[in-house]
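Novice: structure here, sequence nowhere to be found:
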């Protein structure tokens, strides 16, 4: 039922063209969970049909992703920190834990933000600890953009080459997600070893 309404929403919003992609990706990247694949895979197919431009799809997706990420970042920055300082003890989050979060993001914020944008279920949430820890906004923007662009490119290319074949899309989307998670794991392992060597 939810998937049916999601597809109806996508069909309606696609009438708005690139503005629709921008809006849907802003929703997907904010605190409202919305699967990016039902936006960008069809957009990739439309690009293959010559009805849309891949460059403009990616630009719209990137712009929307950044807007959604900024919503989460600034909500966490202005409301989340104040809330946790006041009520964190009820959630077992002490001022010391907040301090540790600040220290962690000061040191590992860029890699966490980049890899977080590639992991399903974490993509939208990674902006929240970044905001709470007051991560440098320029670094946050750069690494959010890099991660969002890479994931958007994967989905658009998938739609471009597979088109409307739902069975193949599901198969390759699953495989792509697993490959992405393995790559993220390898990147984090390399980063960890590099950090250890630098100590």
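Specialist: Perfect, I can see it now. Treat the numbers as computed from the prediction; the structure is a model and nothing was measured.
Novice: and after the worst-scoring helix or strand of the chain on mean pLDDT, which helix or strand comes next?
Specialist: Of all helical and strand segments in the chain, the minimum by mean pLDDT, DSSP states H and E falls on helix 2-14, at a mean of 57. Where DSSP states H and E defines the elements, the next helix or strand beyond helix 2-14 is helix 18-29.
Novice: the helix or strand that that following helix is followed by vs helix 18-29, what angle?
Specialist: Using DSSP H and E, the next helix or strand after helix 18-29 towards the C-terminus is helix 37-48. Counting by axes from the mean of the first three to the mean of the last three CA atoms, to 10 degrees, helix 37-48 lies at 150 degrees to helix 18-29.
Novice: what's the helix or strand harbouring residue 138 packed up against?
Specialist: Secondary structure assignment for residue 138, by DSSP H and E: helix 137-162. Applying 3 or more CB pairs under 8 Å, 6 or more residues apart in numbering; DSSP states H and E, we find helix 137-162 packed against helix 37-48, helix 54-75, helix 95-116, helix 127-132, helix 166-198. (Each C-beta comes from the backbone N, C-alpha and C, glycine too.)
Novice: of all those helices, which one is nearest residue 16?
Specialist: In terms of CB to CB, the element of these nearest to residue 16 is helix 54-75, at 10.2 Å.
Novice: shaky segments in the chain?
Specialist: Low-confidence segments of the chain (pLDDT under 70): 1-14, 33, 84-98, 163-173, 175-176, 191, 193, 196-199.
Novice: what's the distance between the helix holding residue 138 and the middle of its chain?
Specialist: What separates the centre of helix 137-162 from the centre of its chain is 8 Å, taken as CA atoms, centre = their mean, to the nearest Å.
Novice: start at 427 instead
Specialist: Let's use 427 as the start, then, which means that last one is helix 563-588.
Novice: can you give me the buried ones in that helix?
Specialist: Buried residues in helix 563-588, counted by 16 or more other CB atoms under 10 Å: 566-567, 569-575, 577-586, 588.
Novice: follow-up on the earlier one: okay if I get the helices and strands packed on helix 563-588 as CSV plus mean neighbour count and distance to residue 455?
Specialist: Listed next are the helices and strands packed on helix 563-588 as CSV, based on neighbours: other CB atoms under 10 Å; distance: least, CB to CB, whole Å:
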stretch, mean neighbour count, distance to residue 455
helix 463-474, 23, 11
helix 480-501, 21, 3
helix 521-542, 16, 12
helix 553-558, 24, 8
helix 592-624, 12, 17
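Novice: of those, which is nearest residue 445?
Specialist: Across those, closest to residue 445 is helix 480-501 (CB to CB), at 7.5 Å.
Novice: packing partners for the closest one?
Specialist: Helix 480-501 sits against helix 444-455, helix 463-474, helix 553-558, helix 563-588, with contacts defined as 3+ CB pairs under 8 Å, 6+ apart.
Novice: tell me the contacts of residue 479?
Specialist: residue 473 (CB atoms under 8 Å, 6 or more residues apart in numbering).
Novice: isn't residue 487 right next to residue 447, touching?
Specialist: Yes: with contacts counted by CB atoms under 8 Å, residue 487 reaches residue 447, the gap being 5.8 Å.
Novice: if anything else comes up later, I'll come back, but that's it for now.
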